[in-house]
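Colleague: Pasting the sequence and the predicted coordinates here, then a few questions.
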Amino acid sequence: MALSPMDMTQFAAADTARAARMLSAVRSARLSGGRAPMAPRPVIEQSWARMLRSGVDPEHDFRSRLLPPDEVRRRREASALRHVLPVLREALLSVADVAQHIMVVADEDGRVLWREGSARVLRRADGLGLELGADWQEEVVGTNGLGTPAVTRRPVQVFASEHFVRSQTTWTCAGAPITDPRNGRLLGVVDVSGPLESMHPATLAWVDSVAKLAEARLRELHTQSLERLRTVASPVLARLDGRALVADRDGWTAAVTGMQYLERVVLPKPPVTGTRWLPGLGACTVEPLGEGWLVRAAGGEAVPQGATRIVLDLGQPRRWSVRVMSGVEEWARELSPRHAELLYLLAVRRGGRSAAALAEDMFGDPARRVTVRAEMSRVRRYLGAHLEHRPYRFCEDAEVEVLLPPDPRDLLPHSTAPAVVEKRAAASVP
């Protein structure tokens, strides 16, 4: 009897060698176009399809050049992940060493910046090229526990021949993405790896929980930074008349005066001193203050006149953005995975979507209207001047352009939204 993908995970823990042989047969059949004894798990099958389209060689291990030690140090110092290393070490290393695993942390570019754990397993990892400074992007070394979670934006366990490249099929790994709570940007991936015999079905849930602890620590640090900025902002705002606020470099508000509190304001990228048009505030003067920016509203909140062009850039595998350009405003904002999905659906359905219809598009469940309304409320805080509701849609006078990846089948690869999955599937039809 053929095993389902879920059964295979449990089976691998009970009989690692047999499970590895079965997966090897599955991999060989799929790569040769033959009939496989069982279906790969969807996340693995989708990754294999991406690898075949991008030309990764499954039979030959290609390794890009290691970063020099100075560049590894520079990236460590620049990465926000350095702030959560104590959390990762405390939660992962003691168990990982006993279980013959190692902890590996890569940045958003897939470069290995830290790896710690069992000395014996570290030596084996060297043979796989899992070294400091190595590039473990999915499009470079195939399906793996560092590169694949970065693409899918969700935790992924990769066991034995679920790896696309043959040289990695003696390995097992489980990785989870860590995102910046300030802007939803991918910071990197934390992974627990080891030889096949160390595989355990609970590893993925464990790593995912630790990644969420790391994100909680980053939120705590962000709150502390806003509190520090608030102590600088309060006496300055107390001396001002009119509407003004102080925000950090990502636009999160520390304090306001003469206006309703805004959780976040869209600042120009990069922020520069001078007069700018800001969504929700209108014409403003912007100047640096401490570790943030003082924003003083100078005019009304009217929507800028003239043609407006909105560019939704979904062409990059892990970074999506929206840019608004008109005669008097130009700004850009990086998008979280969920907001990228929502704006894409509105861009391809210019007639508009009700909350129930968007819930159907996103979750296959029109009853999840409350979730959609909450997310659209967040979107409208920065794009509200160019969005209408009842139904949700882009304003008719806005020119909306969507930049897609070179292969449309790679559209928002993290997304499980039925409407996005349908678009990817349509692109796969010859």
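Modeller: Looks like it arrived, so ask away. Numbering: from 1, shown residues only.
Colleague: got the contact list for Ser321?
Modeller: By CB atoms under 8 Å, 6 or more residues apart in numbering, Ser321 lies in contact with Leu312, Asp313, Ala332, Arg333, Glu334, Leu335. All C-beta atoms are positioned from the backbone trio N, CA, C, and that covers glycine.
Colleague: Enumerate the beta-bridge partners assigned to the residue most central in space within the chain.
Modeller: Centroid-nearest residue in the chain: Leu186, 4.2 Å away (criterion: CA atoms, centre = their mean). In this entry, Leu186 is beta-bridged to Thr179, by DSSP bridges.
Colleague: My guess is it contacts Arg319. True?
Modeller: Yes - using CB atoms under 8 Å, Leu186 is in contact with Arg319, at 7.4 Å.
Colleague: coming back round to it: so which of the contacts of Ser321 is the closest to Asp191?
Modeller: Glu334 (24.0 Å; CB to CB).
Colleague: Which secondary structure element is home to the closest residue in space to Ala36 that isn't next to it in sequence?
Modeller: Nearest residue to Ala36, sequence neighbours excluded (CB to CB, 6 or more residues apart in numbering): Ala29, at 4.0 Å. Taking DSSP states H and E as the definition, Ala29 sits inside helix 16-32.
Colleague: For that helix, which outside residues touch it?
Modeller: Residues contacting helix 16-32 (CB under 8 Å, 6+ apart): 3, 8, 11-12, 34-40, 45, 48, 52, 58, 159-162, 169, 196-197, 199.
Colleague: what's the offset of the following helix or strand past that helix from the middle of its chain?
Modeller: Downstream of helix 16-32, the first helix or strand assigned by DSSP H and E is helix 42-54. Relative to the centre of its chain, helix 42-54 is centred 18 Å away, using CA atoms, centre = their mean, to the nearest Å.
Colleague: Mind checking what helix or strand follows helix 42-54 in sequence?
Modeller: Past helix 42-54, the next helix or strand by DSSP H and E is helix 69-78.
Colleague: now for that next one, which elements pack on it?
Modeller: strand 112-117 (3 or more CB pairs under 8 Å, 6 or more residues apart in numbering; DSSP states H and E).
Colleague: on contacts alone, who are the packing partners of the strand it packs on?
Modeller: Strand 112-117 sits against helix 69-78, strand 102-107, with contacts defined as 3+ CB pairs under 8 Å, 6+ apart.
Colleague: Just name the most buried of these.
Modeller: Among the helices and strands packed on strand 112-117, strand 102-107 has the highest mean neighbour count (mean count of other CB atoms under 10 Å), at a mean of 26.
Colleague: tell me the mean pLDDT over that strand?
Modeller: Per-residue pLDDT over strand 102-107 has a mean of 96.
Colleague: quick one: strands adjacent to it?
Modeller: Strand pairing (DSSP bridges) places strand 102-107 next to strand 112-117 (antiparallel), strand 186-195 (antiparallel).
Colleague: would you list those in a markdown table and tack on mean pLDDT and distance to Ala255?
Modeller: Output for the strands paired with strand 102-107, formatted as a markdown table (pLDDT from 0 to 100; distance: least, CB to CB, whole Å):
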| stretch | mean pLDDT | distance to Ala255 |
| --- | --- | --- |
| strand 112-117 | 96 | 35 |
| strand 186-195 | 95 | 27 |
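Colleague: closest one to Thr308 among the ones you listed?
Modeller: Ranking those by proximity to Thr308 (CB to CB) places strand 186-195 first, at 28.9 Å.
Colleague: which residues touch the closest residue to Leu66 other than its chain neighbours?
Modeller: Leaving aside its sequence neighbours, Leu66 sits nearest to Gly133 (CB to CB, 6+ apart; 4.1 Å). Counting by CB under 8 Å, 6+ apart, Gly133 touches Leu66, Leu67, Pro68, Pro69, Glu71, Val72, Arg111, Val112.
Colleague: Show me what the last one bridges to in the sheet.
Modeller: Listed beta-bridge partners, Val112: Ala106 (assigned using DSSP bridges).
Colleague: and Val311, what is it in contact with?
Modeller: By CB under 8 Å, 6+ apart, Val311 lies in contact with Val322, Arg323, Met325, Glu401, Leu403.
Colleague: burial count for the nearest residue to Leu146 once chain neighbours are set aside?
Modeller: In space, Leu146 comes closest to Trp136 once its chain neighbours are excluded; the distance is 4.2 Å by CB to CB, 6+ apart. Using other CB atoms under 10 Å, Trp136 is surrounded by 29 other residues.
Colleague: And the one 10 residues further on, by the same measure?
Modeller: Using other CB under 10 Å as the criterion, Leu146 is surrounded by 29 other residues.
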